[in-house]
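**Student:** Next input, structure requested:
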Amino acid sequence: MGKSIELAWILFPLAVSIIVLDPLSPKWSVCSLFLSSIPLIMWLVRRWSMRYWALWISAFLVFQALLSPLVTNQDYITLEPDLKKVVIVESGIPGISGRQVISTDHMGFRTTARVDYSSDKPFRIFAIGASTTEEIYLDDHKTWTNLLQEKLRSYIRGRKIEVINTGVSGLRARHYFATLKKVSSLKADMALFLPGINDWNHHVIKSFMGAFGRTRLILSSMFFLKRTLLGMAGNKLRRKLFGMHEINASPETTRGEYYAKKRGSLFRPHKIEFEPNRVDTEYYYYLQKISGKCKQEHIDCIFLTQPNGYKPKSSKDFRAGFWMTPPQEDYTLTFDSLVHLARMYNSFLLSFAKNHEQWSCDLDADVPPSFDYMYDECHFNEKGAALVSSLLFECIRNRVSRAIKN
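**Tutor:** Prediction:
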């Protein structure tokens with residue numbers, strides 16, 4: 001094998017690692033760059049034995065990444081299991097302040113008490129969604145899932161009720177279906193689905209994505225370290241060696257730095273009008289699969305519309321805090337396009353639920369678009385989470401009560 005071919009083979013894992021770098025997962029990105037640099041460092045030593053092993057290590061990195069989608073469910077994503085941390089919100093996130101304890105159980109789900117997933121005695125509700133379900137800046141006891149659990153427990157006597165939060169930032173309908181398949185084996189009685197903004201932003205980004213963007217999307221689905229066999233094995237080994245993360249002695253402090261750099265996306269100079277007449281085909285496909293799985297497993301599935309700030313009555317100050325129009329891009333949709341997308345996706349979800357004989361709750365109709373309830377165009381603050389829990393309680397309490405009696 002010629003040196004130029006050897007070098008190209010050695011550089012391939014490193015090049016892919018650079019292409020699929022995820023700014024939202026800096027630790028995993030650093031680990032990926034480190035591992036993919038090892039073959040190059042060994043190859044540069046210029047000893048035959050080192051170059052030989054460098055080629056094999058490079059081949060291993062590529063092979064395990066290609067094999068991973070075949071032997072694992074890449075769409076099933078959770079938060080880090082057995083996580084415990086403290087975040088002190090000082091400023092920068094309207095409506096959230098002070099000490100927030102964020103934790104997950106051994107499944108990677110947010111709960112406020114130990115859950116015995118093998119027991120079918122409690123009435124078990126799984127909340128399935130993305131960041132608006134996860135609520136990663138809110139204390140375990142302030143999330144809408146926990147507040148809903150408390151309201152249902154006060155209203156319904158005679159059987160314990162558990163509301164388990166499976167949300168993870170960035171997920172879409174295809175991931176919700178994977179989560180549903182998992183929780184269907186965990187004695188699920190009811191599932192609450194909060195889809196929306198990630199799916200319609202995926203629709204937008206796909207529509208305006210160039211060749212490089214499409215290549216990056218394909219490569220990231222296969223080569224992002226966290227999702228590969230090597231990454232999963234490393235994560236399991238770390239948890240086995242070090243156990244549960246203890247609450248930080250020195251809590252993490254945030255002043256909303258992540259959002260400060262991104263806000264004001266509506267003012268990007270490159271503006272695009274985009275008003276499609278139908279939802280993304282992938283979104284519709286996975287909603288159908290979710291509905292079918294719910295009926296097959298006899299799980300009462302309830303679809304929730306996505307509250308958002310894309311409404312004509314949103315104030316100028318509130319609009320200035322937007323950053324998902326869409327995120328991580330050098331262009332923005334016009335405000336009218338955003339209003340159209342939000343209305344279309346939420347209306348479609350309600351009609352889909354009705355046509356497929358599923359229950360729905362129109363949260364978007366009753367959550368005002370303002371910093372009183374959201375710290376940006378869609379994420380709930382403390383007051384917003386409390387409002388969502390109350391709206392959901394009114395929407396599902398009789399349904400839960402009947403299910404328990406039956």
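
**Student:** From what I see, T78 and F109 are in contact.
**Tutor:** Yes. At 6.8 Å, T78 and F109 qualify as touching, with contact defined as CB atoms under 8 Å. Glycine gets a C-beta too; all of them are placed from N, C-alpha and C.

**Student:** Have a look at those two and say which one is more surrounded.
**Tutor:** More neighbours surround F109 than the other of T78 and F109, with 23 against 17 (other CB atoms under 10 Å).

**Student:** what is in contact with T78 and F109 at once?
**Tutor:** By CB atoms under 8 Å, 6 or more residues apart in numbering, T78 and F109 have these common neighbours: T166.

**Student:** how about the helices in the stretch 151-300 of the chain?
**Tutor:** Remark: helices assigned in the stretch 151-300 of the chain by DSSP state H, counting those that start in this stretch are 173-183, 197-208, 211-223, 229-242, 257-260, 281-297.

**Student:** Columns mean pLDDT, distance to C395 and mean neighbour count on top of the ones you listed, output as TSV?
**Tutor:** Listed next are the helices of the stretch 151-300 of the chain as TSV, based on pLDDT from 0 to 100; distance: least, CB to CB, whole Å; neighbours: other CB atoms under 10 Å:
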stretch	mean pLDDT	distance to C395	mean neighbour count
helix 173-183	97	19	21
helix 197-208	94	20	20
helix 211-223	60	35	14
helix 229-242	77	37	13
helix 257-260	86	30	13
helix 281-297	98	17	17
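
**Student:** TSV for those, including distance to Q74?
**Tutor:** Below are the helices of the stretch 151-300 of the chain laid out as TSV (distance: least, CB to CB, whole Å):
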stretch	distance to Q74
helix 173-183	8
helix 197-208	16
helix 211-223	7
helix 229-242	11
helix 257-260	26
helix 281-297	14
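
**Student:** wait, which of those is closest to V71?
**Tutor:** helix 229-242 (7.1 Å; CB to CB).

**Student:** Check which helices and strands the closest one sits against.
**Tutor:** Secondary structure elements in contact with helix 229-242, counted by 3 or more CB pairs under 8 Å, 6 or more residues apart in numbering; DSSP states H and E, are helix 26-44, helix 48-71.

**Student:** Quick check: mean pLDDT of the shortest one?
**Tutor:** Meaning helix 26-44. Across helix 26-44, pLDDT averages out at 87.

**Student:** Same check on the longest one?
**Tutor:** Helix 48-71 shows a mean pLDDT of 86 in the predicted model.

**Student:** Okay, angle between that helix and helix 229-242 too, please.
**Tutor:** With axes from the mean of the first three to the mean of the last three CA atoms, to 10 degrees applied, the angle from helix 48-71 to helix 229-242 works out at 90 degrees.

**Student:** which neighbours does whichever helix or strand comes after helix 48-71 have in its sheet, and in what orientation?
**Tutor:** Later in the chain than helix 48-71, the nearest helix or strand by DSSP states H and E is strand 84-89. Strand pairing for strand 84-89, using DSSP bridges, gives strand 98-103 (antiparallel), strand 252-254 (parallel).

**Student:** which residues touch the longest one?
**Tutor:** Read that as strand 98-103. Identification of contacts with strand 98-103 by CB under 8 Å, 6+ apart yields 83-89, 110, 136-140, 142, 247, 251.

**Student:** Recalculate using a threshold of 6 Å.
**Tutor:** Residues from elsewhere that reach strand 98-103 (CB atoms under 6 Å, 6 or more residues apart in numbering): 84-88, 139-140.

**Student:** One more: the shortest one?
**Tutor:** Under the criterion CB under 6 Å, 6+ apart, residues 87-89 lie in contact with strand 252-254.

**Student:** Mind doing that once more with 7 Å?
**Tutor:** By CB atoms under 7 Å, 6 or more residues apart in numbering, the residues outside strand 252-254 that reach it are 85-90, 92.

**Student:** If you rank those by neighbours, which is first?
**Tutor:** Counting by other CB under 10 Å, top hit in those: V89 with 23 neighbours.

**Student:** what about the residue nearest to K121 when sequence neighbours are not counted, how many neighbours?
**Tutor:** Distances taken as CB to CB, 6 or more residues apart in numbering place K160 nearest to K121, at 6.8 Å, with adjacent residues excluded. If you count neighbours by other CB under 10 Å, K160 ends up with 13.

**Student:** can I assume K160 is in contact with S119?
**Tutor:** No. Contact between K160 and S119 fails when scored by CB atoms under 7 Å: they sit 9.5 Å apart.

**Student:** between these two, what contacts are shared?
**Tutor:** Joint contacts of K160 and S119 (CB under 7 Å, 6+ apart) do not exist.

**Student:** pretty sure V163 contacts T143?
**Tutor:** No. With contact defined as CB under 7 Å, V163 does not reach T143; the gap is 9.2 Å.

**Student:** didn't H379 look like it was pressed against G129?
**Tutor:** No. H379 is not in contact with G129 according to CB under 7 Å; the separation is 11.6 Å.

**Student:** neighbouring contacts of the helix or strand hosting A15?
**Tutor:** Under the criterion of DSSP H and E, A15 resides in helix 3-19. The contact list for helix 3-19 (CB under 7 Å, 6+ apart) reads 32-33, 36-37, 39-40, 43, 51, 54-55, 58, 61-62, 216, 219, 223.

**Student:** one more time with 6 Å
**Tutor:** With contacts defined as CB under 6 Å, 6+ apart, helix 3-19 is touched by 32-33, 36-37, 39-40, 43, 54, 58, 61, 216, 219, 223.

**Student:** Just want the angle from that helix to helix 26-44.
**Tutor:** 170 degrees.
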